[in-house]
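A.B. asks: attaching a predicted model along with its sequence, questions to come.
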Amino acid sequence: MLNWWLPENVATYGAGIDWMFHLIYWITGITFVLVSGALLAFLWVYRDRPGRRARYTHGNSSLEIAWTVVPAAILVALTLLSVPMWSAIKLNVPPTDLVINVTGKQFNWEVTYPGPDGKFGTDDDKTMLDEMHVPINKVVRINLRGRDVIHSFFVPQFRFKQDAVPGRDIAQWFEVTKPGKYEAPCAELCGIGHSGMKAWIYAHTPADYAKWAAENLKAAGPASSSQTVAAAATMEGKAKP
Amino acid sequence: MSASSVAAHPPTAHAEHHELGFWRTYVFSTDHKMIGRQFLFLGLIMMILGGLLALVVRWQLAWPETAVPGLKLFLPDTGGAIDPGQYNMAFTMHATIMIFFVIMPILAGGFGNFLIPLMIGARDMAFPLLNMLSFWVALGAGVLMLAGFFVEGGHAAAGWTSYAPLSSVPAYTGTNWGQNLWCISLFVLGVSSMMGSINYITTVINMRAPGMTMFRMPLVVWSLFITAILLLLALPVLTSAVAMLLFDRTLGTSWFLPSGGGEPLLWQHLFWYFGHPEVYILILPAMGIASEILPVFSRKPVFGYHAMAFSMIAIAFLSWVVYGHHMFVSGMNPALGLSFMITTMIIAVPSAIKTFNWLGTLWGGRIQFTVPMLNALAFVSMFVIGGLSGIFMASAPVDIYIQDTYFIVAHIHYVVFGGSIFGAFAGISYWFPKMFGRMMNNPLGHLHFWLTFVFFNLTFFPMHIIGVGGQMRRIYNPLQYEFLKDQQHWNVIITMGAIALGLSQIVFAVNFVWSILAGRRAPINPWNATTLEWTAPSPPPHLNWGPTLPTVYRGPYEYSAPESKADFLPQTEPLARARAGRH
């Protein structure tokens, strides 16, 4: 139930987040029905009627203990379930040889590949605006930075979100499981152009990605933007299953 | 015991007070009741502005970039359509006004001032002059905040959270004096809040009537006392932070700017260290109001009085160590996120205890569906939704996805509108007879309640759905995103609900103003309630009580006690043993 609320998940750890979301959804949903049901039942059963006097009681210690301990136990359990999930997503970046720098600026995402030499800060670095290409089934490491103000790199279908903070270098990761074209909006208010600030992420099969990389991440200097856009358009067509 | 206490408050000194003139009675008054009413009026008037700003935001989200009805007057060039800068300004000022100039003045300022001395049996606050100043300084802060709408570049547009460096460098938002005035206004308001909170704390500790022990205090006084402690400790952090922000903007300091050695996250730490206790500052008084009204109209003692008081104390302590849950994906060390996750989960426990005790109060009662009771019941049920939706955000992995989406917008509105504003409506309709000496109109009160309850839910519940669908908060136009296009119809439904919710408040405004002028005269104790304020005339005179202060013999919620034929025993009613001794 209510799966239609969440957009499709196409990344590895997104499934865990969705599972946790649904677990909390059921726990809170059942609690809501029980509490509201009790409230409505009391309002009906104990409505004011002539000749009846209210029950004179100041409370009940056993009940107090029960409704302290039970919610506390459930909440601690939720915490314990969340801890390993959080650690796997945010505390540890799995080893990978695919690293992409993403820099937020008013009002674009600058996506930089290290080029064939695998190193940033060299001449063969390749920077694209609001566009990213990644292979599926491979860990992609993102180094997030903010140039001017704080932005937030949000990929709804990857269940990925991380603020890009000026003065910081924040390493994050994702692994996509399905080829396609995904939107990556900025989720932190960043000024007049905040709304509409977004990148497109193209997830390719490994073969398509290799082809794209060979054409676009060549050592021979940066390709012109029109070439990049054209290549992206082709890839977009190919990525569709 | 009573003899010595009376001596400590010599009645003659007060009883001989002379008539005060118009200005000292209605304007520069040091009477806590008049100051309470002044705060209430300030909050209600600002609510009109805050609500209209919300409707501008909603119109833009439902029908992006079309003319907003009525705005043509202010924006003749576009025919009333707003641009992204004006949109950012609208939601920034909506939240700023609602939090700092509506809910805080009404709940902490209005009810705090009016109720504390009356309910603990004091003649006034401990420092009446300071109390008067706290209102006039707050009004000055309000004027400074409103002035920001008229300066070049427009008002602050960096969100009510004003994250640096967006807020700390004028070029990043294009607003200059708007954001400066925002900082100055909140700084001034911080001073006002400090004067008020010191006063509340001192009054509660020192000025309780004979026999009014701490654990005979009504729960609303407990809630306002704890709120005052939070105000005293939390607001100065914001006051310092906005001063640092203003210095970054105007004097060239670099507290929050990395290029000068500063740290953007420092702002967030300071802001949320204030900001999370602030959420409880907004909700605790409403919890107190509900705890006051449910027993009266269930004709039952409150269930678990001590659990209620101690859970509020627990909330106050825990509220200092949960603030990092606003920063799970901010770039703060994710290991720190783990400790904030556990504290955040735990702070839900005292809220759960309170909810179950409210249910326990209803259980076995004789429930009367008056207007204050309906609003208090709405508070409980809406607070349950707001509390439960908070658990999603408390789980850090889930928060990765729903952080900064409409899910959090839904959550905060279930807490501060479903909670605080329903609490305010409950409190206003309950204490109106004491505040103004007249009763509010009953059919209009019922009409307003039902309209508000239905349209509140129509407005805010679907925000959960679009939030889970991924719609970010603070975006100008959802149609700029492919993944949001399929759910745009919800934005239209929400906006229609919001317009109806806004129109419903006209019923309240009419009822409020008409009842002050021409409502039925209120008796001393219209609800047959037990607490001290209902033993004073409606409205109570200057200095509240006659020549002697009331003496308290029992707890605040003695309803349907077997020892009495009547179904309530006022706190001033001597115990049977004492009564026997007197005869």
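C.D. replies: The structure has been received and is ready for your questions. Computed from a prediction, not measured in an experiment: that's the story for all the values here.
A.B. asks: every contact and neighbour count from this point should use C-alpha atoms.
C.D. replies: Fine.
A.B. asks: and for the closest residue to residue B:288 other than its chain neighbours, the neighbour number?
C.D. replies: Take residue B:288 and drop its neighbours on the chain: the residue closest to it by C-alpha to C-alpha, 6 or more residues apart in numbering or on different chains is residue B:220, 3.8 Å away. Residue B:220 has 25 neighbouring residues, counting by other C-alpha atoms under 10 Å in any protein chain shown.
A.B. asks: which strands or helices does the strand or helix carrying residue B:220 pack on?
C.D. replies: Per DSSP states H and E: residue B:220 is located in helix B:219-250. Packing partners of helix B:219-250 (3 or more C-alpha pairs under 8 Å, 6 or more residues apart in numbering or on different chains; DSSP states H and E): helix B:112-120, helix B:177-206, helix B:264-298, helix B:305-318.
A.B. asks: next, count neighbours for residue 32.
C.D. replies: Using chain A here. Around residue A:32 there are 16 other residues, counting by other C-alpha under 10 Å.
A.B. asks: not quite, I wanted chain B
C.D. replies: Neighbours around residue B:32, by other C-alpha under 10 Å: 29.
A.B. asks: do the same with the one 10 residues further on
C.D. replies: Using other C-alpha under 10 Å, residue B:42 has 21 neighbouring residues.
A.B. asks: tell me the SS of it?
C.D. replies: Secondary structure, DSSP: H, G, I helix; E, B strand; the rest coil: residue B:42 is helix.
A.B. asks: near the residue lying closest to it once chain neighbours are set aside, how many other residues are there?
C.D. replies: In this structure, residue B:42 finds its nearest non-sequential neighbour in residue B:105, 7.0 Å apart by C-alpha to C-alpha, 6+ apart. Neighbourhood size, residue B:105 [other C-alpha under 10 Å]: 29.
A.B. asks: quick check: domain ranges of chain A?
C.D. replies: Chain A breaks down by automatic domain parsing into domains covering A:8-45+A:58-91, A:99-239.
A.B. asks: picking that back up, measure the residue nearest to residue B:288 to residue B:427 for me?
C.D. replies: 10 Å (C-alpha to C-alpha, to the nearest Å).
A.B. asks: before we move on, what about residue B:291?
C.D. replies: Using C-alpha to C-alpha, residue B:291 is found at 11 Å from residue B:427.
A.B. asks: still on that earlier bit, now for the domains of chain A, which one comes closest to residue B:140?
C.D. replies: Checking those against residue B:140 by C-alpha to C-alpha gives domain A:99-239 as the closest, at 28.9 Å.
A.B. asks: hmm, the closest one touching chain B?
C.D. replies: Yes: using C-alpha under 8 Å from any C-alpha of the partner chain, domain A:99-239 reaches chain B at A:148-150, A:156, A:159-167, A:170, A:183, A:187-196.
A.B. asks: can you count the residues close to residue A:19?
C.D. replies: Using other C-alpha under 10 Å, residue A:19 is surrounded by 12 other residues.
A.B. asks: let me know the angle separating the particular helix or strand that has it in it from helix B:264-298.
C.D. replies: Using DSSP H and E, residue A:19 sits within helix A:14-45. Helix A:14-45 and helix B:264-298 are oriented at 20 degrees to each other (axes from the mean of the first three to the mean of the last three C-alpha atoms, to 10 degrees).
A.B. asks: most distant residue from the centre of chain A?
C.D. replies: residue A:51 (59.3 Å; C-alpha atoms, centre = their mean).
A.B. asks: can you pull the contacts of residue 196?
C.D. replies: As the question left the chain open, I've gone with chain A. For residue A:196, the contact set (C-alpha atoms under 8 Å, 6 or more residues apart in numbering or on different chains) comprises A:185, B:475, B:477, B:480, B:481.
A.B. asks: ah, I was thinking of chain B
C.D. replies: Applying C-alpha under 8 Å, 6+ apart, one finds that residue B:196 lies in contact with B:109, B:130, B:131, B:134, B:228.
A.B. asks: for residue B:235, what are its contacts?
C.D. replies: B:190, B:193, B:194, B:274.
A.B. asks: which of those sits closest to chain A?
C.D. replies: Nearest to chain A, judged by C-alpha to the nearest C-alpha, of those is residue B:274 at 20.3 Å.
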